[in-house]
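> Provided below for reference: sequence and predicted model.
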Amino acid sequence: QKLAGYSGEVDDLARATAHFEKSLLFAESMPHEFWTEFGNANQKLSEMVQDIRPVIKSITCYKQAISLCLSSFEGWLGLARSLKKLYHFSYESDHYSQACDCFAAASQLKPDVAEVWLERIEFIIEASRRKKESAKLRVAIEKCEQAAILFAPPLKTISLEDLKTSVD
């Protein structure tokens with residue numbers, strides 16, 4: 001998998017996913033980190049080829065990772081991204097809802113990661129444009145407002161003494 005990361009070659013990534021699958025034959029169970037990395041490899045492969053199979057495999061892997069560790073931020077985020085990709089293949093509302101739920105779970109686990117909020121909002125806007133649904137656009141605006149509150153810089157507190165000297 002590291003070699004595939006360096007080379008950027010589809011063949012190397014395909015070999016990495018094949019080795020992940022082969023390693024399942026030699027162990028009774030694998031930790032959630034294994035499943036997350038296996039999902040990451042399939043997700044990366046799905047970005048390089050126009051084939052739905054790596055997307056489905058990544059979803060399966062991330063679900064397995066989450067079943068082993070419900071607090072896996074990487075698992076929830078990976079699942080959200082894979083379901084988002086599946087939605088772009090199918091445009092089924094169930095895939096949209098599941099992706100939004102997974103983005104929400106990732107945001108709850110790490111609410112301070114702005115990237116997750118932005119990706120979620122962007123996805124909702126894309127879906128609202130695609131289906132021309134104003135309700136989804138209102139949800140996107142609501143999420144923007146929540147993110148603005150969460151990520152706004154703190155207000156500077158000013159003491160009364162500072163006000164008196166600035167007026168004088």
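Structure's in. What do you need? Numbers count the residues shown, from 1 in each chain.
> quick one, grab the pLDDT at the closest residue to residue 102 other than its chain neighbours.
Nearest residue to residue 102 in three dimensions, chain neighbours excluded: residue 80, at 3.5 Å (Cβ to Cβ, 6 or more residues apart in numbering). Where you see a C-beta, it was placed from the backbone N, CA and C, and this is true even at glycine. pLDDT recorded at residue 80 is 98.
> next one: residue 153
For residue 153, the pLDDT comes out at 75.
> distance of it from residue 113?
Using Cβ to Cβ, to the nearest Å, residue 153 is found at 17 Å from residue 113.
> which element is the residue nearest to residue 119 when sequence neighbours are not counted on?
Spatially, and ignoring its direct neighbours in sequence, residue 119 is nearest to residue 103 (7.0 Å; Cβ to Cβ, 6+ apart). Assigned by DSSP states H and E, residue 103 belongs to helix 93-109.
> can you tell me what sits against the helix or strand that that helix is followed by?
From helix 93-109 onward toward the C-terminus, using DSSP H and E, the following helix or strand is helix 114-131. Contacts with helix 114-131, where a contact means Cβ atoms under 8 Å, 6 or more residues apart in numbering, come from 77, 80-81, 84, 87, 91, 96, 99-100, 103-104, 106-107, 110, 133-137, 139-140, 143-144, 146-147, 150-151.
> show the buried residues in those residues.
77, 80-81, 84, 87, 96, 99-100, 103, 106-107, 136, 139-140, 143, 147 (16 or more other Cβ atoms under 10 Å).
> and the closest residue to residue 69 other than its chain neighbours, what does it touch?
Leaving aside its sequence neighbours, residue 69 sits nearest to residue 32 (Cβ to Cβ, 6+ apart; 4.0 Å). Going by Cβ under 8 Å, 6+ apart, residue 32 touches 64, 65, 66, 68, 69, 72, 75.
> just to check, residue 20 is in contact with residue 45?
No - Residue 20 is not in contact with residue 45 according to Cβ atoms under 8 Å; the separation is 10.8 Å.
> show me the shaky parts of this structure.
For the chain, the stretches with pLDDT under 70 are 154-168.
> that older thread, among residue 153 and residue 113, which residue is more densely surrounded?
More neighbours surround residue 113 than the other of residue 153 and residue 113, with 14 against 5 (other Cβ atoms under 10 Å).
> roughly how far does the more buried one sit from residue 38?
23 Å.
> excluding its backbone neighbours, what's nearest the one residue sitting closest to the centre of the chain?
Centroid-nearest residue in the chain: residue 77, 3.0 Å away (criterion: Cα atoms, centre = their mean). Using Cβ to Cβ, 6+ apart and skipping residues adjacent in sequence, the residue nearest residue 77 is residue 106, 4.3 Å away.
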